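Visitor: Predicted model and sequence follow; I will ask about them next.
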Amino acid sequence: MENQLVKNSALPDLFPTDKEAFANELTTLNLGPSHPATHGVFQNVLQMDGERIVSGVSTIGYIHRAFEKIAEHRPFYQITPLTDRLNYCSAPINNMGWHMTVEKLLGITVPKRAQYIRVIAMELARISDHLICNSILGLDAGAFSGFLYVFQEREKIYEIYEEICGSRLTTNMGRVGGMERDLNPKAIAKIKQFLIDFPAVWKEFGDLFNRNRIFMDRVINVGAISKEMAMDYGFTGPNLRAAGIDYDVRVMNPYSSYEDFQFDIPVGENGDTYDRFMVRNEEVWQSLRIIQQAIDNLPEGPYHADAPHYYLPEKEDVYTKMEALIYHFKIIMGEIDAPVGEVYHSVEGGNGELGFYLMSDGGRAPARLHFRRPCFIFYQAYAEMAKGMMLSDAILVLSSLNVIAGELDA
Amino acid sequence: MPFSNEEILGFVQTTIGEGLVHSSEPFDFLTVEVKPESLLHLVGSLKNHPQYQFTFMTDLCGVHLPEQKGKELGAVYLFHSWTTNTRIRVKTFAPIENPSIPSMTAHFNSANWMERETYDFYGINFTGHPNLVRILNVDDMDYFPMRKEYPLEDQVRRDKVDSMFGR
Amino acid sequence: MIDTNQPAPPGLEGPGFFATSMDKVVGLARKNSLWPLPFATSCCGIEFMATAASHYDIARFGSERPSFSPRQADLLMVMGTIAKKMGPVLRMTYEQMAEPRWVIAVGACASSGGIFDTYSVLQGIDRIIPVDVYVPGCPPRPEQIIEGLLKIQELAANETTRRRDTEEYKALLESYSIS
């Protein structure tokens, strides 16, 4: 007996006999902007052939806060809280980069002690950023415990930030000309304790993931990117170093006494997800090395430059001395003008070269301030990288690129 | 070892001649302003030069300078040579009535989104760009917000009283 | 002070039975099992991750399972700046949630636009969806986020079982054009 489908003419033809046409349809899948991995708000509209991605279009701008427009209406010291919110996982790096840009414009030299304190804060921020990235990559691959261990350690970093500047996440740390206060003994004790306690935890995290058969099967040869493609698409930072090029702003154009410290630059081979994970892993060890050297050799001296026109005077002086009162008034009311000129300064952020292009026309607010945001530039390559991949691999690649939405959209 | 600014400037002059409008070195950073027509030729020569090797484009952004009549809108490019650690800034300007600059996607793929962002903010038309649409703002926005004549604040908000915010 | 004892609601007690009003029992159950939808957009989202991690742990208040599907969530936690481009997405997420549903606006940006008084940022999510609790801060400390959650628990415990039928609530949703 033949197997016959009873067709009711009122129903649509759900089972077309033309299997060819049915098999060649592509599915459109909308990934985001609100999606389960809390990476940030960006959208990828994917054309899928079953489980495989054929092509994709990335749309961003879901958290565009118009930083560059705001910066044209604010004096220099009020732009620091804006820079916090760029790569909010490692806010001190953004703050210090901005301060260094303004110091370059104004011609201020920062004393050694302040530079070493800045280095400690920036390396702690780098550790904090890489902790989030690697643990969330583990979370996306299905390993939840690493995330919990790591966040416990991040609380310790937050406590150190609180000792230095008062705030946990959006730090607004330091000032143009140095730091706002010296490292108090409790902060130094907490940093030293962190350097004693953290390596054991990070080693445990590494033991969980680095040679874990399941993790390795999921991430090796997934999302590989060649050196030429990485350079062409503007990659910098750990993603570029995983592809095999050892470009690091701290070594190429050293700033804030980085030339005093001994550290290595971890470089990968294939540029796949496993290499990105391992490069970040190793960078945390190198950052710990830098912090150890900085805190052991912390020089004595002032924690800010002698620049009365730009650095707020001490409160006791404001209440007792006339010049200090006048400087305080002029700085706060924004009546001190900056020199005319344009300056570009870049620092090694958690994701790559974070640059600040500042054009000043002499007024209290910049004429133009542009942030060279590494996430924005390398995220362009994601649609290209995801072609031909299975969806689950594409999620891991997205997670390993460490795209922070605040830095993407600015 | 970075090449000296004089040497690179000499190369720029021999490559594009009349296309070089102005050069300066603010804070020791060689900055050249070129005409839009000579831009791609100059960048290609810098990129493919056997010694200089400016193979990385660090940044691309727009500026609006209302005082420069006839050259209000501009694009600023930063290039970096990783092998010799030399940097150069190239600027080019266009009039605000019909701003049009050749697209750098001919040489660098990373220029794609950076030019879209510059178009979104300033309205500069990059000729030759594969997909020049808005990227960060809402798609149906009908003005270019970073131009100096537009205000920062949202004009339709009801809850913030301007007089109390010092405006 | 966080009181982890859950006292029984007022009722009539006897050997082998306890009688109280239905609203109280349902309120007790609802308040201790609020499943959040973490709508995290920016920096406040990182503080939420710290709140959900083991140090501050919202799981001990019943928010054990963060649900990213709005149909299965009770509590919409909007954390971070909402730009005008994101507004329709947030609205769609809220409309998909089933009653009973509550909304927390975490952070200054979600409450009122925060430091971003610009053309591209929505000045507070209460422009498009009704909000129950606002948690100020930039970003708020995890303890503050937990306090916001406790206030939602108070609301959940003391509301009537079918809030959706009350006149006041219907008028509120009308004002937002949510059917």
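Guide: Okay, I see it. Numbering: from 1, shown residues only, chains lettered A, B, ... in the order given.

Visitor: Tell me where chain B has helices.
Guide: B:5-16, B:39-48, B:111-122 (DSSP state H).

Visitor: Return the most buried member of those helices.
Guide: helix B:111-122 (a mean of 24; mean count of other Cβ atoms under 10 Å in any protein chain shown). All C-beta atoms are positioned from the backbone trio N, CA, C, and that covers glycine.

Visitor: Is any residue of that helix near chain C?
Guide: No - between helix B:111-122 and chain C, judged by Cβ under 8 Å from any Cβ of the partner chain, nothing touches; the nearest distance is 10.8 Å.

Visitor: Which strands or helices does that helix pack on?
Guide: Contacts defined by 3 or more Cβ pairs under 8 Å, 6 or more residues apart in numbering or on different chains; DSSP states H and E place helix B:111-122 against helix A:374-378, strand B:56-64, strand B:125-127.

Visitor: Any buried residues in the last one, and which?
Guide: Along strand B:125-127, the positions that meet the burial threshold by neighbour count (16 or more other Cβ atoms under 10 Å in any protein chain shown) are B:Phe126.

Visitor: quick one: contacts for residue 56?
Guide: Defaulting to chain A. Residues near A:Gly56 by Cβ atoms under 8 Å, 6 or more residues apart in numbering or on different chains: A:44-47, A:382-383, A:386-387.

Visitor: Can you look at chain C instead?
Guide: C:50, C:142-143, C:146.

Visitor: Would you mind checking these for buried ones?
Guide: C:50, C:142, C:146.

Visitor: wait, the last one sits on C:Ile58?
Guide: Yes - in this structure, C:Ile146 is within contact of C:Ile58 by Cβ atoms under 8 Å, at 6.4 Å.

Visitor: Which neighbours do these two have in common?
Guide: Common neighbours of C:Ile146 and C:Ile58 (Cβ under 8 Å, 6+ apart) are C:Thr51.

Visitor: For chain C, which helix extends over the most residues?
Guide: Every helix in chain C considered (DSSP H), the longest is helix C:142-158.

Visitor: which one of the contacts of C:Tyr56 is nearest A:Lys156?
Guide: C:Ala50 (12.0 Å; Cβ to Cβ).

Visitor: tell me the contacts of the residue nearest to that closest one when sequence neighbours are not counted?
Guide: Leaving aside its chain neighbours, C:Ala50 sits nearest to C:Pro142 (5.4 Å; criterion: Cβ to Cβ, 6 or more residues apart in numbering or on different chains). C:Pro142 is in contact with C:47, C:50-51, C:55-56, counting by Cβ under 8 Å, 6+ apart.

Visitor: Now for these: which two are most distant?
Guide: C:Glu47 and C:His55 (11.7 Å).

Visitor: Throw the contacts of C:Tyr56 into TSV and include distance to B:Thr31, thanks.
Guide: Formatted as TSV, those follow (distance: Cβ to Cβ, whole Å):
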residue	distance to B:Thr31
C:Ala50	44
C:Pro142	47
C:Glu143	50
C:Ile146	52
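
Visitor: Closest one of those residues to chain A?
Guide: C:Ala50 (6.2 Å; Cβ to the nearest Cβ).

Visitor: who's in contact with that closest one?
Guide: Contacts of C:Ala50 by Cβ under 8 Å, 6+ apart are A:151, A:154-155, A:158, C:56, C:142.

Visitor: would you list these in CSV and tack on distance to C:Gln96 and secondary structure?
Guide: Shown next, in CSV, are those (distance: Cβ to Cβ, whole Å; DSSP: H, G, I helix; E, B strand; the rest coil):
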residue, distance to C:Gln96, secondary structure
A:Phe151, 30, helix
A:Arg154, 33, helix
A:Glu155, 34, helix
A:Tyr158, 35, helix
C:Tyr56, 28, coil
C:Pro142, 28, helix
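
Visitor: Tell me, how many residues neighbour the closest residue to chain A within chain B?
Guide: Relative to chain A, the nearest point of chain B is B:Ser110 (3.0 Å; Cβ to the nearest Cβ). Neighbourhood size, B:Ser110 [other Cβ atoms under 10 Å in any protein chain shown]: 25.

Visitor: likewise C:Ala73?
Guide: 24.

Visitor: so the nearest residue to it once chain neighbours are set aside, which of the three states?
Guide: Leaving aside its sequence neighbours, C:Ala73 sits nearest to C:Leu37 (Cβ to Cβ, 6+ apart; 3.7 Å). Under DSSP: H, G, I helix; E, B strand; the rest coil, the three-state class of C:Leu37 is strand.

Visitor: For chain A, what's the nearest residue on chain C?
Guide: C:Ala53 (3.5 Å).

Visitor: show me what contacts that residue?
Guide: Contacts of C:Ala53 (Cβ under 8 Å, 6+ apart): A:147-148, A:151-152.

Visitor: Disregarding residues adjacent in the polypeptide, which is nearest to residue 52?
Guide: Going with chain A. A:Met390 (5.9 Å).

Visitor: other chain: chain C
Guide: C:Ile58 (5.7 Å).

Visitor: Strands along the chain, start to end?
Guide: You didn't pick a chain, so chain A it is. A:27-31, A:43-49, A:52-59, A:340-348, A:353-361, A:368-372 (DSSP state E).

Visitor: I was thinking of chain C, sorry if that wasn't clear
Guide: Going by DSSP E, chain C shows strands at C:12-14, C:17-19, C:36-40, C:75-79, C:102-106, C:133-135.

Visitor: Just put those in CSV and tack on mean neighbour count and distance to A:Asp337.
Guide: Converted to CSV, the strands of chain C look like this (neighbours: other Cβ atoms under 10 Å in any protein chain shown; distance: least, Cβ to Cβ, whole Å):
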stretch, mean neighbour count, distance to A:Asp337
strand C:12-14, 9, 77
strand C:17-19, 9, 75
strand C:36-40, 26, 41
strand C:75-79, 27, 40
strand C:102-106, 26, 40
strand C:133-135, 21, 40
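
Visitor: Mean pLDDT added to those, as CSV?
Guide: Shown next, in CSV, are those (pLDDT from 0 to 100):
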stretch, mean pLDDT
strand C:12-14, 90
strand C:17-19, 90
strand C:36-40, 91
strand C:75-79, 93
strand C:102-106, 94
strand C:133-135, 95
